[in-house]
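Enquirer: fold the following for me, if possible:
(2 chains)
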Amino acid sequence: MKQVDPGRNFADWREAARSLLESEVPPAEVIWERPGQGSLFGAAALAPPPGRASFKVPAEFVELARSAICHADPRRWALLYRILWRLVKGGEKHLLEIVSDPDIARARLLAKNVRREIHKMHAFVRFRKIGETDAGRERYVAWFEPDHEVIAAATPFFRDRFANMDWSIFSPKGCAHWIDNELKFTPGVATNPCDNPDELEEIWRTYYRSIFNPARLKEQMMKSEMPKRYWKNLPEASLIPELIESSCRRVDDMLVEPERGVRPAPNNRYLKGLQEMSAPFGDGTAPLERTPLADLSRMVDACRACPLWERATCAVFGRGPENARLMIVGEQPGDQEDLRGQPFVGPAGQFLDRALAEAKVDRASAYVTNAVKHFKWEPRGKLRLHKNPGRAEVEACKPWLLAELNTVGPAVLILLGGTAAASLLGPQVKVTQHRGLVAAPHLAAKVILTVHPSYLLRIPDPARKEEEYQRFVADLSLACEPG
Amino acid sequence: MRTMSVSEKLAILADAAKYDASCASSGANQRDSRDGKGVGSAGGSGICHSYAPDGRCISLLKVLLTNSCIYDCHYCINRRSSNVRRAAFTPDEVIDLTLDFYKRNYIEGLFLSSGIIRTADHTMEQVVSVARRLREEHDFRGYIHLKTIPEASGELIEQAARYADRISINLELPTQVSLDKLAPEKNLGRTKQAMGRIRLKLEDAADRRKTGDRALRHATGQSTQVIVGADESTDADFLARADELYGSYKLKRVYYSAFSPIPEPSKILPLAAPPLVREHRLYQADWLLRHYGFGVGEILPVEAPNLDLNIDPKLSWALRNRQDFPMNVQTAPRERLLRVPGLGVKNVDRLLQIRRHTLVRLADLTRLRVSLKKVMPFLITADHFPSAGLLDGDRLIARLAPRPQQMELFAR
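Expert: Here you go, the predicted structure:
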């Protein structure tokens, strides 16, 4: 048997383990033990064998060991050496991936406990202000009693967060000091050297008392997240017994309190404005008589003719001048249109803009709208996937489209895609068969039927895409031709 | 009137803020104060600096700027019809408290909200100015969560997003019918539109950070809260709304807050025990939506719009779908294993890794700290095949359902 000193930290243990591995000492022959204070029988230093053999371990092991080595469990060094041996000498190169292996499960548990202790140190250290330096830097101290050797690992967090204060954290397992932008570690101390309360602690307790809701006492939940062993160094913890003890009475008092009536709304312009905004405009149906667009766009919000409004952000009404010569009808708003409340502002809209410009059609002077005013979608991963509106939804929305048509009375009407065609020309009209000029004088003097720009966006082959795009532009430019 | 001390104000304005369940301090853009003048760091997972006996974490200084309010939401202690004592912080008082608490490591930052005073814009201006001064005058780099008001101007919401790490608008109730009854000033449509605008701003900022402006200071997420048990809404109403909000506005979280007794109860809304178990089940179901690939319709079939309070929603689903089990831990794909009661996302991923190298046995599950009692009826391992009878009949429910528990508070 070989007695080996694991040293004070990860680097020491790594050096010792490396030497053992190079000398091919199996784990069962090693006793890992820190030399007792003043012990005469200090462990013999290991002489590294001549010509160091090189071996590789996965970075993941180094990370695991670095955490687990901080655990207070006296078997941690042997456990980690055994894992190292199995990785390097045992040929178990996938060992770390088998997290249910007894050794790996144990090491991971130790590492997890250590990470948790670091996290709890970040949470439960309580600084007390003790003054200011001559240079005007505030000076703080804290006392913390961790179960594991986490002071060094937990300190960078405090340095990064409190870089512009001077502070010391004292603990039995080592002390850390950040003074004048320099981090220093000193040996642990047995008792708290600065045990004077900070005046802010009383105000902190006031906060703790007030933020507690006595109607939902969950003592166990608190204790599992904030174990009792930390309480003695937390200024707020002294309140816990009285808060628990008084909670029932406080709730009983609330339950017997007389109910308050409703006080009338104050005479406030803002509240009146809210009421007006919320009140439905119209009865939810599209008017048959010619109605200004501004009114129509408010009326459509109250429409419940199909269920699409429920999961849409808002009704997306048409945009453009009331006396537009050209009206363009698409299918339905998409994700971006739904959020912005405007038609054709997403990818398809940008594509349409480009094509219109190429066809020398001025979009700003056109009235642009959709056959269906609400976005129909289903979730697909993190995206909202567009779903084609059904026949019933198109029919339900048709009165609004007719109302827009009635108000704008365009000379030229462009229908983009099958849904717009189905709505205004009937389901028997197919874009593939009737593309181009369509005779529908009841709608407008000139009616053009073409594809929807999102169809073009979906064509994968660039050459065909370009070809279809040119056809689309040609269709759009029919709008400019006289007659 | 005698002026109140900061401590008196804090007692009132923290009490007024405690019904907001949101506590997250995670997901902010990574930063520290080493190259600055002030204090603070953020990024990664947040820290819960303390826990109150209600089991809720204390991560942020959660206060209202004032609890005066012109709205009349009947579940709220601060509504205008309540006779609660009113107070208002000055911006300096909130700033000092935040910094003083922060430097002592009591908190991760500030969660600031306010009663509505005069108008939405006026209120938002006050809230935003506290955040702006913390950032600009004090170089505060800790976490800031600002509550926003749907009716506030786009400009003010944009400023809030610039100074905060998270912004939120509380929906409170899942339908307009319920809002009309209990929170007459609130509007579902306007709330959704505001959430939509916020989503666009958050995405725009994330894009700008990716494409070069790495130091851009901007909020990274939005969340909301709904109150459970104050209205007639079913769990299906809550989950369908949550599912929509996650999908449409990319909310980081929907918080479910059991309606709990308040001082100054409203005639419109009688007090009752807070439905804490229901709240817990809703969180579990919400988790299944977001991390386990369940749809609302799978968790709550049309004929049963409320969650079973006795067993968790995944077990409940499994019992309705026994034909899918038992599943072989060695061969079942990830999305199927995620449906096994008792297996969480982490353990499923570990099992996928382990089974590439070795046969999975019950002892492996034990070492992963999986409850064997829970998974054994549903899972085939190298050394276990559930007996046919195990999945049948009511015996399974009897075996897995916990014995009825007494409510801690109200069963007296």
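Enquirer: C-alpha from now on. contacts and neighbour counts both.
Expert: Fine.
Enquirer: was I right about residue A:444 contacting residue A:415?
Expert: No. The criterion here is C-alpha atoms under 8 Å, and residue A:444 misses it with residue A:415 at 11.4 Å.
Enquirer: tell me where the stretch 1-150 of chain A has strands.
Expert: Ranges of strands in the stretch 1-150 of chain A, per DSSP state E, counting those that start in this stretch, are A:2-4, A:30-32, A:128-132, A:138-143.
Enquirer: near the closest residue to residue A:1 other than its chain neighbours, how many other residues are there?
Expert: Nearest-residue entry for residue A:1: residue A:29, 4.7 Å, with adjacent residues in sequence omitted and distances by C-alpha to C-alpha, 6 or more residues apart in numbering or on different chains. By other C-alpha atoms under 10 Å in any protein chain shown, the residues close to residue A:29 number 10.
Enquirer: per-residue confidence at residue A:29?
Expert: With respect to pLDDT, residue A:29 scores 95.
Enquirer: and chain B, which of the strands of the stretch 1-150 of chain A is closest to it?
Expert: Nearest of the strands of the stretch 1-150 of chain A to chain B, taken as C-alpha to the nearest C-alpha: strand A:128-132 at 6.3 Å.
Enquirer: in the closest one, what's buried?
Expert: Neighbour-count burial for strand A:128-132 flags A:128, A:129 (criterion: 16 or more other C-alpha atoms under 10 Å in any protein chain shown).
Enquirer: tell me which other helices or strands it touches.
Expert: strand A:138-143 (3 or more C-alpha pairs under 8 Å, 6 or more residues apart in numbering or on different chains; DSSP states H and E).
Enquirer: quick one: distance of the helix or strand just after the strand it packs on to the chain centre.
Expert: Downstream of strand A:138-143, the next assigned helix or strand under DSSP states H and E is helix A:151-161. Chain-centre distance of helix A:151-161: 26 Å, with C-alpha atoms, centre = their mean, to the nearest Å.
Enquirer: next helix or strand past helix A:151-161?
Expert: Proceeding N to C from helix A:151-161, the next assigned helix or strand is strand A:166-170, under DSSP H and E.
Enquirer: partner strands of that following strand and their direction?
Expert: strand A:138-143 (parallel), strand A:175-179 (antiparallel) (DSSP bridges).
Enquirer: got the angle between it and strand A:128-132?
Expert: Using axes from the mean of the first three to the mean of the last three C-alpha atoms, to 10 degrees, the inter-axis angle of strand A:166-170 relative to strand A:128-132 is 140 degrees.
Enquirer: which residues are contacting strand A:166-170?
Expert: A:137-144, A:175-181, A:188-189, A:192-193 (C-alpha atoms under 8 Å, 6 or more residues apart in numbering or on different chains).
Enquirer: CA atoms of it as PDB?
Expert: Extracted in PDB, the C-alpha atoms of strand A:166-170 (Å, rounded to 0.1, in the frame of the first residue of the first chain):
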ATOM      1  CA  ASP A 166     -13.200  46.700  -1.100                       C
ATOM      2  CA  TRP A 167     -14.400  43.600   0.600                       C
ATOM      3  CA  SER A 168     -13.300  40.600   2.600                       C
ATOM      4  CA  ILE A 169     -15.100  37.300   3.000                       C
ATOM      5  CA  PHE A 170     -14.000  35.500   6.200                       C
END
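Enquirer: now that strand: mean pLDDT?
Expert: Across strand A:166-170, pLDDT averages out at 98.
Enquirer: ditto for stretch B:18-36
Expert: Averaged across stretch B:18-36, pLDDT comes to 90.
Enquirer: what of stretch A:269-278?
Expert: 94.
Enquirer: what does stretch B:298-307 give?
Expert: Mean pLDDT, computed over stretch B:298-307, is 96.
Enquirer: okay, the strands paired with strand A:166-170 in CSV with mean pLDDT and mean neighbour count next?
Expert: Listed next are these as CSV, based on pLDDT from 0 to 100; neighbours: other C-alpha atoms under 10 Å in any protein chain shown:
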stretch, mean pLDDT, mean neighbour count
strand A:138-143, 98, 21
strand A:175-179, 97, 21
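Enquirer: nearest to residue B:72, of these?
Expert: For the strands paired with strand A:166-170, the distance to residue B:72 is smallest for strand A:138-143, at 44.9 Å, taking C-alpha to C-alpha.
Enquirer: so residue B:117 sits against residue B:69, correct?
Expert: Yes. Residue B:117 lies in contact with residue B:69 (C-alpha under 8 Å); the separation is 5.6 Å.
Enquirer: and chain A, is the longest helix seen in chain B touching that?
Expert: Ranked by residue count, the top helix of chain B under DSSP state H comes out as helix B:188-210. Yes. Residues of helix B:188-210 are located near chain A by C-alpha under 8 Å from any C-alpha of the partner chain, namely B:189, B:192, B:193, B:196, B:197, B:200.
Enquirer: show the pLDDT at the last one.
Expert: Read it as residue B:200. 96.
Enquirer: ok, now which ones touch the residue nearest to it when sequence neighbours are not counted?
Expert: Spatial nearest neighbour of residue B:200, excluding adjacent residues (C-alpha to C-alpha, 6+ apart): residue A:339 at 7.7 Å. Applying C-alpha under 8 Å, 6+ apart to residue A:339 gives the contacts A:313, A:314, B:193, B:196, B:197, B:200.
Enquirer: I appreciate the help and will end here.
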